[in-house]
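*Asks:* task: produce atomic coordinates for the following.
(2 chains)
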Amino acid sequence: MDTPRIAVIQFPGVNCEYETLRLLVECGFLATLVRWNEDPRRLPNFEGFVLPGGFSYQDRVRAGAVAARDPIVEALKLEASQGKPILGICNGAQVLVEAGLVPGPDDDGPIVALAPNRMPGRGGYYCRWVYLKVNKAKRETAFTSRFEEGAVVPMPVAHGEGRFTARDEAIFEGFVDTGQVPLTYCAADGGPAAEFPDNPNGAAADAAALTNEAGNVMAIMPHPERAAWLRQVPLNLAGEWGERRQAASRNRVELDGAGPGRRLFLSMHDYIRWRRERESSPAPSGTTR
Amino acid sequence: MIDVLLTTRLTVSDPTALTALSTLRDRMGFGDRIRGLSREEVFLFSMEPSTPNARDLVEQLARQTNLFMNPNKHAHRITTGEAAQAAVPSESLAWLLVWSSGDGETLEASVHRHVGLPAVDSIRRGWLWKFTPAPGIDPPALLKAARDAAIGDGTHRGFLVHSAWQEGRLYAERPSVYDVREAFLGAGLAAGRRE
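*Replies:* Have a look, this model is predicted:
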């Protein structure tokens, strides 16, 4: 079977594109960098897309607001409507939300935003390792199949505008009910994120990621690509992954093994292969696809 | 309360305003209606009524701390309620005030904690965008263009005001300290010049 073809979209000002490419290759993708000003007609050649982290257009106006108006994003919307997986990481997440790809179009205007962080006694940029809990009992997404329900996954956050918010609280409660919040901030032991810094930005419903209704487009604020190799995990990180990292010290083979964030990309790989199989097998008579 | 309005603007070119303008003109189709776009940062200080020389105090805060501006690259102006009432320059432009609840609270905490000024009761912050019309565009048409640019519809909705967490208000003239206070604090003062 051909290697899944995936594009990393490079907007001016992003800075995580090369490590994202490297990780995608490690996960078995044929990964290609596509610049924002290339012909959008290239996109149908790819089976999935990643919008990497960084500071597209220097976060001018609002993070992701200018990139979301780039013509290539219109082409991405068409790809998303066909069910292809699209992952936006940090600034990529901000672009997806500003573009309305997550949570999806709404006739009444934008209902969700990634607003400036709310932290006690301070504002602005914040970075640290945080813990995410996998919530997929209500639905599987294109990005979570390799995780177990309830798993605790540490990843770093690094952002100034990462607070998932909506016009009113009930909107996010609705997303939780429909399973569109597959990853939530939590305590190191998997318990609820009581307060800052477990929830590092004041996000509604402790949301660290949000998907569209179909589950094939996801905006995630933490950086899974910075938690993809065991050697990227801090030695002093509390919990299972920190213990694994300590046990692997000075063992290069183990340090080059998978970190906690890699499963997200492997799930995406599985999803693309599942899509291929679904599209290549004839539908049983009497059914529609 | 005594209200003092501090506005700052870059004296060097403002890349955010330039990028916003090129996005509006080149990607959102406003080139035939909007010729120019600039912005100022707006700080509304509410001070205790007994504060002597409230205006001088804000001037001092602006010049001697690095919380509000950098004198090497910003110009500033300070307006009090009285001055704004007496004379408001009238320009055929459109003005858009953008803010969100809680903007300025961190500054307020810094002023209390590090500068030690209990006379400052509250600080609220926002951005004031100024739209210049393209040739042949009259004031009502410019206001409509500014509204469309700010809020928009379809794929371009909410470019300058994201309605999920920001608020915006359009003015046909530069908003006074009363207008800003009414917008930020909902104080219901008679402004009368809002669109």
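
*Asks:* that's a helix at B:Arg63, yeah?
*Replies:* Yes - using DSSP: H, G, I helix; E, B strand; the rest coil, the assignment for B:Arg63 is a helix.

*Asks:* for it, what are its contacts?
*Replies:* B:Pro71 (CB atoms under 8 Å, 6 or more residues apart in numbering or on different chains). C-betas here are computed from N, CA, C, even on glycine.

*Asks:* any buried residues in the lowest-mean-pLDDT helix or strand in chain A, and which?
*Replies:* Lowest by mean pLDDT, DSSP states H and E among the helices and strands of chain A is helix A:169-177, with a mean of 91. Residues of helix A:169-177 classed as buried: A:171-172, A:175-176 (neighbour count, 16 or more other CB atoms under 10 Å in any protein chain shown).

*Asks:* would you turn these into CSV with distance to chain B?
*Replies:* Shown next, in CSV, are those (distance: CB to the nearest CB, whole Å):
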residue, distance to chain B
A:Ile171, 9
A:Phe172, 11
A:Phe175, 13
A:Val176, 17
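
*Asks:* chain B: helices as residue ranges?
*Replies:* Using DSSP state H, the helices assigned to chain B run over residues B:15-22, B:54-64, B:81-86, B:105-110, B:139-150, B:177-185.

*Asks:* one more: chain A?
*Replies:* Shown for chain A, the helices assigned by DSSP H span residues A:17-26, A:71-81, A:91-99, A:169-177, A:240-247, A:252-255, A:262-280.

*Asks:* what lies in contact with the second one?
*Replies:* In other words, helix A:71-81. A:9, A:34, A:36-38, A:40-41, A:43-44, A:46, A:49, A:67, A:86, A:95, A:99, A:101, A:212, A:216-217, B:27, B:155.

*Asks:* one more pass at 7 Å, please.
*Replies:* A:9, A:36, A:40, A:43, A:49, A:86, A:95, A:99, A:101, A:216-217, B:155 (CB atoms under 7 Å, 6 or more residues apart in numbering or on different chains).

*Asks:* just those residues now: which is nearest B:Asp32?
*Replies:* The nearest member of the contacts of helix A:71-81 to B:Asp32, counting by CB to CB, is B:Thr155 at 19.2 Å.

*Asks:* show me which residues of chain A are close to chain B?
*Replies:* A:57-58, A:60-62, A:65-66, A:69, A:74, A:109-113, A:115, A:121-123, A:165-167 (CB under 7 Å from any CB of the partner chain).

*Asks:* pLDDT of stretch A:145-153, averaged?
*Replies:* The average pLDDT for stretch A:145-153 rounds to 97.

*Asks:* hmm, I typed the wrong one, I wanted stretch B:2-17.
*Replies:* 95.

*Asks:* what are the buried residues along that stretch?
*Replies:* Judged by neighbour count using 16+ other CB under 10 Å, the buried positions of stretch B:2-17 are B:2-10, B:14, B:16-17.

*Asks:* how about that stretch, does it reach chain A?
*Replies:* Yes - Stretch B:2-17 lies within reach of chain A by CB under 7 Å from any CB, at B:15-16.

*Asks:* and the residue nearest the centre of the chain?
*Replies:* Chain wasn't specified; assuming chain A. Centroid-nearest residue in chain A, with CA atoms, centre = their mean: A:Ile220, separated by 3.4 Å.

*Asks:* wrong one, chain B
*Replies:* B:Leu128 (2.9 Å).

*Asks:* ok, it - contacts?
*Replies:* B:Leu128 touches B:7, B:39-40, B:42, B:95, B:97, counting by CB under 7 Å, 6+ apart.

*Asks:* not counting sequence-adjacent ones, nearest residue to the residue nearest to the centre of chain A?
*Replies:* A:Ala209 (3.9 Å; CB to CB, 6 or more residues apart in numbering or on different chains).

*Asks:* which pLDDT value goes with the residue nearest to B:Arg33 when sequence neighbours are not counted?
*Replies:* By the measure of CB to CB, 6+ apart, the closest residue to B:Arg33 outside its immediate chain neighbours is B:Ala145, 3.9 Å from it. The per-residue pLDDT reported for B:Ala145 equals 92.

*Asks:* I'd say B:Ala145 and B:Phe30 touch.
*Replies:* Yes - with contact defined as CB atoms under 7 Å, B:Ala145 reaches B:Phe30; the gap is 6.1 Å.

*Asks:* who has more neighbours out of those two?
*Replies:* Neighbours per residue, other CB atoms under 10 Å in any protein chain shown: of B:Ala145 and B:Phe30, the larger number sits with B:Phe30, 23 against 20.

*Asks:* can you give me phi and psi for that one?
*Replies:* phi -100, psi 10 (degrees, to the nearest 10).

*Asks:* pick out whichever of the buried residues of stretch B:2-17 sits closest to chain A.
*Replies:* B:Thr16 (4.2 Å; CB to the nearest CB).

*Asks:* still on that earlier bit, how many other residues sit next to the residue nearest to A:Ile220?
*Replies:* The number of residues near A:Ala209, taken as other CB under 10 Å, comes to 30.

*Asks:* list the beta-bridge partners for B:Arg9.
*Replies:* Beta-bridge partners for B:Arg9, by DSSP bridges, are B:Ala75.

*Asks:* thought it was touching B:Glu40?
*Replies:* Yes - between B:Arg9 and B:Glu40 there is a contact at 4.4 Å, judged by CB under 7 Å.
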